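here is my input, please return the structure:
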Amino acid sequence: MKLTIDVLQCFQKVAELEHVTRAAEALQLAQPAVSRTISAMEKDFNIALFRRRGRNITLTRSGEDLLRHVNRVLDEFNKALEEIAEAKAKENLTVRLIVDAASQILPGFLAEFRKSYPDINFELLLRGTEQRTSAISGANSNLRLTSGIKPVTNEHSVTLFREELLMALPEHDPRAQHPSVRLSDFIDDGFICLHKGQNMRKITDYYCEMAGFTPRVDLESDSLMTVREFICAGLGIAMVPQITWSNINSEHIVLVPVSYPRCYQYITLTWDGSVPLSKPAILLKDYIINYFVGYARAKAAEAMRN
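Numbering: from 1, shown residues only. Below is the predicted model:
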């Protein structure tokens, strides 16, 4: 016979109670089934595991040796079940959030959400390539913050807000003193951009094409802080979102509005409509929809004051 967990548990319970009938009652099994299991074990091992004394039974020396091993096996099995249950419970309280946009203002926002729901965990996947995010976009309970040139609202997407795109110029650039600029003014400038495939890079390319040119990209970086330092050093200029890149502001960088074409990006929350969201994911989704706009506006006002 196969030594399954059920067989080992049956042997363990009989050894513990030293009584087949009581063991059967404890296991909620028929007494003959328990007796057959013990007999089959003894037949397979070709050794007696119990001594029969009337209705009571006691372990033989071989039975005692086997019980020590069975106890260790079942103890490890029970620990494994506990770990699996704990992992499942933690997973049920984890929200997977793919962040293609607004990563600069998201930490403070999530901190506020955590105050109301301290037991909910986050698995954040920050601004990866399309290939990387497409591989995980179908995972259960995923939410995704993304950006684009158009608003998107349907059964599994909500556009949260629109933000203006500004030109980030070093303070010594003469155009930094203008109330506004035309995007075509930068046809000969070197741009500092995110890597190809990133949403903001696509948006920059789109508006430059609308203005009649392809931007000359001198430097690429996925780090907002690096972009800021490059601009401060006079190594190029950049098109930046007013709200979600508010941290790019510094005393050595001037943000100038673009008068033509007017440049905007839309921040959108999406989720997989074919997979039911977990309760924590629903809570975070609703929280983002209800409060993200006001939070983003506050960050924009703070950036303007600075």
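
point out where this protein drops to low pLDDT.
87-92, 127-141, 300, 303-306 (pLDDT under 70).

just give me how far stretch 41-53 sits from the chain centre.
54 Å (Cα atoms, centre = their mean, to the nearest Å).

who's in contact with it?
Applying Cβ atoms under 8 Å, 6 or more residues apart in numbering, the contact partners of stretch 41-53 are 1, 3, 7, 11, 14-15, 38, 57-60, 62-63, 66. C-beta: built from backbone N, CA, C; applies to glycine.

tell me the helices and strands packed up against the strand or helix carrying residue 80.
For residue 80, the host element (DSSP states H and E) is helix 61-92. Judged by 3 or more Cβ pairs under 8 Å, 6 or more residues apart in numbering; DSSP states H and E, helix 61-92 is in contact with helix 5-17.

what's next to the helix it packs on, contact-wise?
Counting by Cβ under 8 Å, 6+ apart, 1, 20, 23, 26-27, 29, 34, 37-38, 41, 49-50, 57, 59, 63, 66-67, 70-71, 73-74, 77 sit against helix 5-17.

residue 183 contacts residue 261, correct?
Yes: assessed by Cβ atoms under 8 Å, residue 183 is found in contact with residue 261 at 6.4 Å.

list the residues that contact both of those two?
Common neighbours of residue 183 and residue 261, counting by Cβ under 8 Å, 6+ apart, are 207, 210-211.

filter these to the buried ones?
By neighbour count, with 16 or more other Cβ atoms under 10 Å, the shared contacts of residue 183 and residue 261 hold 207, 211 as buried.

ok so, going back, residue 183 and residue 261: which is more packed in?
Ranked by neighbour count (other Cβ atoms under 10 Å), residue 183 and residue 261 place residue 183 first, with 23 against 15.

distance check, the residue nearest to that one when sequence neighbours are not counted against residue 284.
The shortest distance from residue 183 to any non-neighbouring residue, by Cβ to Cβ, 6 or more residues apart in numbering, is to residue 211 (3.9 Å). Distance, residue 211 to residue 284, by Cβ to Cβ, to the nearest Å: 38 Å.

also residue 93?
11 Å.

what residues are shared contacts of these two?
By Cβ under 8 Å, 6+ apart, the residues touching both residue 93 and residue 284 are residue 120.

what sits against residue 63?
15, 48-50.

please identify which pair of those residues lies farthest apart.
Spanning the widest gap among the contacts of residue 63 are 15 and 48, at 13.1 Å by Cβ to Cβ.

so between these two, which is more surrounded?
Between residue 15 and residue 48, residue 15 has the larger neighbour count (other Cβ under 10 Å), namely 21 against 13.

for the protein, which segments count as strands?
50-53, 56-59, 94-99, 121-126, 142-148, 157-170, 181-182, 190-193, 216-220, 238-241, 253-260, 264-271 (DSSP state E).
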